[in-house]
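*Asks:* Show me the folded form of this:
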Amino acid sequence: MSIVAGAGPTGRDAADAGPATDDHVVHVSGLPGSTPAPVHTPRTLTAAGDLLRALAAPVRIAIVLQLLESDRCVHDLVDALRVAQPLISQHLRVLKSAGVVHGERRGREVVYSLVDDHLAHIVVDAVAHVEEGR
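*Replies:* Got it, this is the predicted structure:
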């Protein structure tokens, strides 16, 4: 079973089917009698995967948790997390390019904050789940 609706033929028949497009939608069947799951394009699912990968490093999770408490500059994160400044800056670049954080220059410093709390909830829930012993 394919999660992509209309994924078409596989193997040898796939070459005759023409090129795949990004117009296919994902269809996930639920339990019989249940409401169908929402349908999303592969582009949306790829972007969600990219976002989750951006959050998938322990230091980046720690940065998100710190920024959930308050806006921080790099040296605040270095002190709180006891991680070298170049490494913090590298992780902030990843989070910034993924749209998780943004920086605002204040004098000589750049103060980082979360773009919104949606992603922080994902991180908080993941940490809570692990701490529950599951």
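*Asks:* for this protein, which spans come out with low pLDDT?
*Replies:* Regions of the chain meeting the criterion pLDDT under 70 cover residues 1-33, 134.
*Asks:* again, 50 this time
*Replies:* Low-confidence segments of the chain (pLDDT under 50): 1-20.
*Asks:* ranges for the strands of it?
*Replies:* 72-73, 101-106, 109-114 (DSSP state E).
*Asks:* okay if I get those as a markdown table plus mean neighbour count and distance to Asp79?
*Replies:* In this view, the C-beta of every residue, glycine as well, is placed from N, C-alpha and C. Formatted as a markdown table, the strands of the chain follow (neighbours: other Cβ atoms under 10 Å; distance: least, Cβ to Cβ, whole Å):
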| stretch | mean neighbour count | distance to Asp79 |
| --- | --- | --- |
| strand 72-73 | 18 | 9 |
| strand 101-106 | 14 | 17 |
| strand 109-114 | 17 | 13 |
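*Asks:* So which of those strands is nearest Asp125?
*Replies:* Asp125 lies closest, by Cβ to Cβ, to one member of these: strand 109-114, at 15.0 Å.
*Asks:* Give me the helices and strands touching the closest one, please.
*Replies:* Contact here means 3 or more Cβ pairs under 8 Å, 6 or more residues apart in numbering; DSSP states H and E; on that basis strand 109-114 packs against helix 58-69, strand 72-73, helix 74-81, strand 101-106.
*Asks:* mind checking which of those is nearest Asp50?
*Replies:* Checking the helices and strands packed on strand 109-114 against Asp50 by Cβ to Cβ gives helix 58-69 as the closest, at 13.3 Å.
*Asks:* Need the residues that contact the closest one.
*Replies:* With contact meaning Cβ atoms under 8 Å, 6 or more residues apart in numbering, helix 58-69 is reached by 54-55, 72, 76-77, 80-81, 83, 87-88, 91-92, 94-95, 100-101, 112-114, 117, 119-120, 123-124, 126-127.
*Asks:* just to revisit the earlier point, reformat the strands of the chain as TSV; add distance to Glu131.
*Replies:* Listed next are these as TSV, based on distance: least, Cβ to Cβ, whole Å:
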stretch	distance to Glu131
strand 72-73	23
strand 101-106	24
strand 109-114	21
